[in-house]
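Enquirer: A predicted structure for the sequence below; I have some questions about it.
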Amino acid sequence: AQKVTQTQTSISVMEKTTVTMDCVYETRDSSYFLFWYKQTASGEIVFLIRQDSYKKENATEGHYSLNFQKPKSSIGLIITATQIEDSAVYFCAMREPNNNNAPRFGAGTKLSVKP
Amino acid sequence: EAAVTQSPRSKVAVTGGKVTLSCHQTNNHDYMYWYRQDTGHGLRLIHYSYVADSTEKGDIPDGYKASRPSQENFSLILELASLSQTAVYFCASSERDAEQFFGPGTRLTVL
């Protein structure tokens, strides 16, 4: 069964710095999809960025990028030049493509960006 | 216009009562999902569906039923609500291997 683990419960950084949030996963499949989502204080959940396991290049989207290390089953989210509005809870998710499966989520990491 | 809507947005139910949470999507997505979020925790999968008139069990299906009468609509049913089902419930939709679009959530309090 697929499993997603985020060990960092909370992180606090100063504005305009770079932060990395960790995520490790377990899967028996050689092909899978990884996602990061952001949940704001209002409760809204939005998609940020994805990494397909067969792609060697790390995905980037604006000031978000990923550090994909397939041998370590790791997908870290990197936020550069953090802003106050980046304060939120970040979730990692994985989907195995077989058997019409559904994505599973990690427990989330709460990021606080301080001025 | 929001592509995934949920109703009600909040609800107070009594223990042992029946609760139905509704979700509607205009994304034309095949997949729909119900997740539960407890305070300070992640999203746990309850039920999902990849085609109308069919549902699949997630990781925590006990105490919940799901119904997908059409591509656009997906309901979560609590036949006998219990205190432990107090949580925020999120519906989402997606294409098969793509990112999910979430609804605004329904805050359910069981007393």
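Expert: That came through, no problem.
Enquirer: pLDDT at the most centrally placed residue in chain B, what is it?
Expert: Centroid check for chain B by CA atoms, centre = their mean gives B:W34 as the closest residue, at 3.2 Å. At B:W34, the model reports a pLDDT of 98.
Enquirer: Looking at strand pairing, list the partners for it.
Expert: Bridge pairing for B:W34 (DSSP bridges) gives the partners B:H47, B:C91.
Enquirer: and if you look at A:T5?
Expert: Residues in beta-bridge contact with A:T5 (DSSP bridges): A:V24.
Enquirer: do you know how far it is from A:C23?
Expert: For A:T5, the distance to A:C23 (CB to CB, to the nearest Å) stands at 7 Å. C-beta: built from backbone N, CA, C; applies to glycine.
Enquirer: And for B:L43?
Expert: 14 Å.
Enquirer: same thing with B:A3?
Expert: Counting by CB to CB - B:A3 and A:C23 are separated by 26 Å.
Enquirer: what does chain A put close to chain B?
Expert: Neighbours of chain B within chain A, by CB under 8 Å from any CB of the partner chain: A:6, A:33, A:35, A:37, A:43-47, A:50, A:91, A:93, A:95, A:97, A:100, A:102-108.
Enquirer: and with 6 Å instead?
Expert: Within chain A, the positions adjacent to chain B are A:33, A:35, A:43, A:45, A:47, A:50, A:97, A:100, A:102, A:105-108 by CB under 6 Å from any CB of the partner chain.
Enquirer: Where does pLDDT dip in chain B?
Expert: For chain B, the stretches flagged by pLDDT under 70 are B:1-2.
Enquirer: Can you list the neighbours in contact with stretch B:70-84?
Expert: B:13, B:16-25, B:32, B:34, B:49, B:52, B:65-68, B:85, B:110 (CB atoms under 6 Å, 6 or more residues apart in numbering or on different chains).
Enquirer: Sort out for me which of the residues you listed are in strands.
Expert: B:13, B:19-25, B:32, B:34, B:49, B:65-67, B:110 (DSSP state E).
Enquirer: Identify, from these, the entry nearest to B:S94.
Expert: Closest approach to B:S94 among the ones in strands among the contacts of stretch B:70-84 (CB to CB): B:M32, at 8.2 Å.
Enquirer: tell me which element the nearest residue to that closest one once chain neighbours are set aside falls in.
Expert: In space, and not counting its chain neighbours, B:M32 is closest to B:F74: 4.0 Å by CB to CB, 6 or more residues apart in numbering or on different chains. Element membership for B:F74, per DSSP states H and E: strand B:73-78.
Enquirer: how near is the residue nearest to B:M32 to A:A102?
Expert: For B:F74 relative to A:A102 (CB to CB), the value is 12 Å.
Enquirer: Quick one: buried ones out of the contacts of stretch B:70-84?
Expert: Applying 16 or more other CB atoms under 10 Å in any protein chain shown to those, the neighbour count classes B:13, B:19, B:21-25, B:32, B:34, B:49, B:66, B:68, B:85, B:110 as buried.
Enquirer: Out of those residues, the closest to A:A81 would be?
Expert: B:Q25 (34.2 Å).
Enquirer: who does the closest one bridge with?
Expert: B:V4.
Enquirer: check contacts around it.
Expert: Neighbour list for B:Q25: B:4, B:72, B:93 [criterion: CB under 6 Å, 6+ apart].
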